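Undergrad: sharing a model prediction with you, sequence too.
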Amino acid sequence: MQLRSERWPDYFLPEQRQTEGNELKKHRTLVFVCFLTSLLATAYLVISLFVGFPTGYITMAASAVVIGSLPFVIKAGANRVAVANLYVTVIFVDAVLIISQSGGLSASITSPYLAIVPMLGLMLINRRAGLIWFFVVVAQILALGVAELAGVAFPTTFDEGADAAFKLTAYLGLVVIVFFIVRDFDSRAESALRQVEDEQARTQGLLLNILPEEVAEELKETGQAQASEFDEVTILFTDFENFTEISSHMTPGELVAELNTCFFAFDAIVARHGLEKIKTIGDAYMAASGLSYEDTGSPLSVINAALEMQSFMFRHGEDNLAAGKPAFTMRTGVHTGPVVAGVVGNTKFQYDIWGDTVNTASRMETSGEAGQVNISELTHDQIKGEPGLNFVSRGRVGVKGKGELEMFFVRHSERERTIDPSESR
């Protein structure tokens, strides 16, 4: 639950409330310091009456009324910068008048109030206003100082017997105002730091969405990422069967929604099995395991991910057919071997992998069948002893540009039903 003290300044903000961020904070701070200063001016008025200081109670009475009305002027929609300038001007004029009637710059307790005028301009208005008020205050201090050094006598026009009461009140007001100035700047600094940290976290998240963590860290630290060689990477390729024909019967919105549904599911599966998503090209999806020096990867994790993808496609296809929608089936290919990995380009960074292993994995996919996970002989040799998997030898299959390659379909021992195109039509 919010405290009333945190809510009440909202009442005095313009109803259109078009200010946001730092401007909104300046609105709130201005409203607060106006009320605070009005209360302090009233206290100075009472003390001035007590010590018999005519300049004090005249200036403080006028200031209390003017400054106290400013929040309501803001509420009515007045320009905040103009109101803030008026507020700072009143503080400046009050300080100069009281200094000239309370012993001069070197003797008056009000002298430090001149020092906070540039701070108020910077805090409540903008950097330019702070700079202007800085030069105005410096000029005024020089003028008062030169006058004193030249022998001009500044009168003390209040009862010196009650000087302590006035000074104590002035000190109290100065401490309170300076505290809230520093508090405001500290709050803004923390807010700015949080924004920077949030932006850094978002940037890091975006980098990790397109780059492996090691590559992202290297890119942040050095501005570039060196290509790396990995001896044993297992690559997974997927591609939808008859994609062009089926998608021709779908609207663009339906097609994008369907691809999103499938690829969102694939992303979750890939992340769950510790794979690195490489990219999507049209309806093709590519992921890999073993692209890290700390984690050499496991072909088994890729096989389990591939089988889970096919299981998802079967269930999702049945749901689509039951709803009278087109259903895609999918080929999946897996191969293991050495690759080169790195980032290409200097804009819109893309992490990619190259080598004959990539080409062979792609051929495993194109040489496969819908609903099946087709793997190479090398991948089979590495996982053939794993419990829970069954393999169906396909013999040597002719592959464009590769000749004949030994291939296997891999399934779970208690195999989840995969999509049979003849059953799904």
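TA: Sure thing, it's come through.

Undergrad: got any ranges where this structure has weak pLDDT?
TA: 1-22, 158-163, 206-214, 216, 219-225, 293-297, 345-348, 414-425 (pLDDT under 70).

Undergrad: what residue of it is the furthest out?
TA: Distance to the chain centre peaks in the chain at Gly151, reaching 60.1 Å (criterion: CA atoms, centre = their mean).

Undergrad: next, it: secondary structure please.
TA: coil (DSSP: H, G, I helix; E, B strand; the rest coil).

Undergrad: surely Leu275 meets Ala288?
TA: Yes - with contacts counted by CB atoms under 8 Å, Leu275 reaches Ala288, the gap being 6.4 Å. The C-beta positions use only the backbone N, C-alpha and C, and glycine is treated the same way.

Undergrad: find residues that contact each of the two.
TA: Leu236, Val302 (CB atoms under 8 Å, 6 or more residues apart in numbering).

Undergrad: against which helices or strands is the strand ranked longest in the chain packed?
TA: Secondary structure of the chain per DSSP state E: the longest strand is strand 330-344. If contacts are counted by 3 or more CB pairs under 8 Å, 6 or more residues apart in numbering; DSSP states H and E, strand 330-344 sits against helix 213-222, strand 228-240, helix 299-322, strand 350-354, helix 356-366, strand 373-376, helix 377-383.

Undergrad: and with 6 Å instead?
TA: strand 228-240, helix 299-322, strand 350-354, helix 356-366, strand 373-376, helix 377-383 (3 or more CB pairs under 6 Å, 6 or more residues apart in numbering; DSSP states H and E).

Undergrad: pick the most deeply packed of the ones you listed.
TA: Greatest average neighbour count among those goes to strand 373-376 (a mean of 28), per mean count of other CB atoms under 10 Å.

Undergrad: what strands line up against it, and which way round?
TA: strand 330-344 (parallel), strand 403-412 (antiparallel) (DSSP bridges).

Undergrad: who's in contact with the longest one?
TA: What it means is strand 330-344. 225, 227-231, 233-240, 291, 299, 302, 306, 313, 349-355, 357, 360-361, 364-365, 368, 370, 373-376, 378-379 (CB atoms under 6 Å, 6 or more residues apart in numbering).

Undergrad: quick one, that strand and helix 299-322 angle?
TA: Orientation check (axes from the mean of the first three to the mean of the last three CA atoms, to 10 degrees): strand 330-344 against helix 299-322 gives 120 degrees.

Undergrad: related to what we said a few turns ago, what's the closest of the helices and strands packed on strand 330-344 to Ile98?
TA: Minimum separation from Ile98 across these (CB to CB) falls at strand 350-354, 67.7 Å.

Undergrad: which of the strands paired with strand 373-376 sits most buried?
TA: Ranked by mean neighbours (mean count of other CB under 10 Å), the strands paired with strand 373-376 are led by strand 330-344, with a mean of 22.

Undergrad: put the alpha carbons of it into PDB.
TA: Extracted C-alpha coordinates of strand 330-344, given in PDB (Å, rounded to 0.1, in the frame of the first residue of the first chain):
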ATOM      1  CA  MET A 330       8.600 -33.000 -41.000                       C
ATOM      2  CA  ARG A 331      11.900 -34.600 -42.100                       C
ATOM      3  CA  THR A 332      14.800 -34.500 -39.600                       C
ATOM      4  CA  GLY A 333      18.400 -35.300 -40.200                       C
ATOM      5  CA  VAL A 334      21.400 -35.600 -37.800                       C
ATOM      6  CA  HIS A 335      25.100 -36.000 -38.400                       C
ATOM      7  CA  THR A 336      28.300 -35.600 -36.200                       C
ATOM      8  CA  GLY A 337      31.700 -34.300 -37.100                       C
ATOM      9  CA  PRO A 338      34.100 -31.300 -37.100                       C
ATOM     10  CA  VAL A 339      32.900 -27.700 -37.900                       C
ATOM     11  CA  VAL A 340      34.200 -24.100 -38.000                       C
ATOM     12  CA  ALA A 341      31.900 -21.700 -36.100                       C
ATOM     13  CA  GLY A 342      31.900 -17.900 -35.900                       C
ATOM     14  CA  VAL A 343      30.200 -14.600 -36.400                       C
ATOM     15  CA  VAL A 344      29.900 -13.200 -39.900                       C
END
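
Undergrad: got the angle between that strand and strand 350-354?
TA: Going by the same axes, to 10 degrees, strand 330-344 makes 110 degrees with strand 350-354.

Undergrad: so what's the residue count around Cys262?
TA: 21 (other CB atoms under 10 Å).

Undergrad: now it: which helix or strand?
TA: Counting by DSSP states H and E, the element that carries Cys262 is helix 252-272.

Undergrad: contact partners of that helix?
TA: Ser247, Lys277, Tyr285, Ala287, Ala305, Glu308, Met309, Phe312.

Undergrad: give me the sheet partners of the helix or strand following it and which way each runs.
TA: Heading C-terminal from helix 252-272, the first helix or strand you meet, by DSSP H and E, is strand 276-281. Its sheet considered, strand 276-281 pairs with strand 284-289 (antiparallel) by DSSP bridges.

Undergrad: buried residues in the partner strand?
TA: Tyr285, Met286, Ala287, Ala288, Ser289 (16 or more other CB atoms under 10 Å).

Undergrad: coming back round to it: possible to save the strands paired with strand 373-376 as a markdown table with distance to Ala271?
TA: Formatted as a markdown table, these follow (distance: least, CB to CB, whole Å):
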| stretch | distance to Ala271 |
| --- | --- |
| strand 330-344 | 18 |
| strand 403-412 | 21 |
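
Undergrad: right, and those strands - which one's nearest Ser48?
TA: Closest among those, using CB to CB: strand 330-344, at 71.4 Å.

Undergrad: now do that closest one against strand 228-240, angle only.
TA: 150 degrees.

Undergrad: and strand 330-344 with helix 252-272, angle?
TA: 80 degrees.

Undergrad: and the helices and strands packed on strand 330-344 as a markdown table, adding distance to Ala76?
TA: Shown next, in a markdown table, are those (distance: least, CB to CB, whole Å):
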| stretch | distance to Ala76 |
| --- | --- |
| strand 228-240 | 63 |
| helix 299-322 | 59 |
| strand 350-354 | 55 |
| helix 356-366 | 69 |
| strand 373-376 | 71 |
| helix 377-383 | 75 |
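
Undergrad: for Ile47, which of these is the nearest?
TA: The nearest among the helices and strands packed on strand 330-344, by CB to CB, is strand 350-354 at 70.8 Å.

Undergrad: listing partners with orientation, what would you give for that closest one?
TA: Counting by DSSP bridges, strand 350-354 is paired with strand 330-344 (antiparallel).

Undergrad: about what we covered before: between the contacts of helix 252-272, which is closest to Met60?
TA: Lys277 (69.1 Å).
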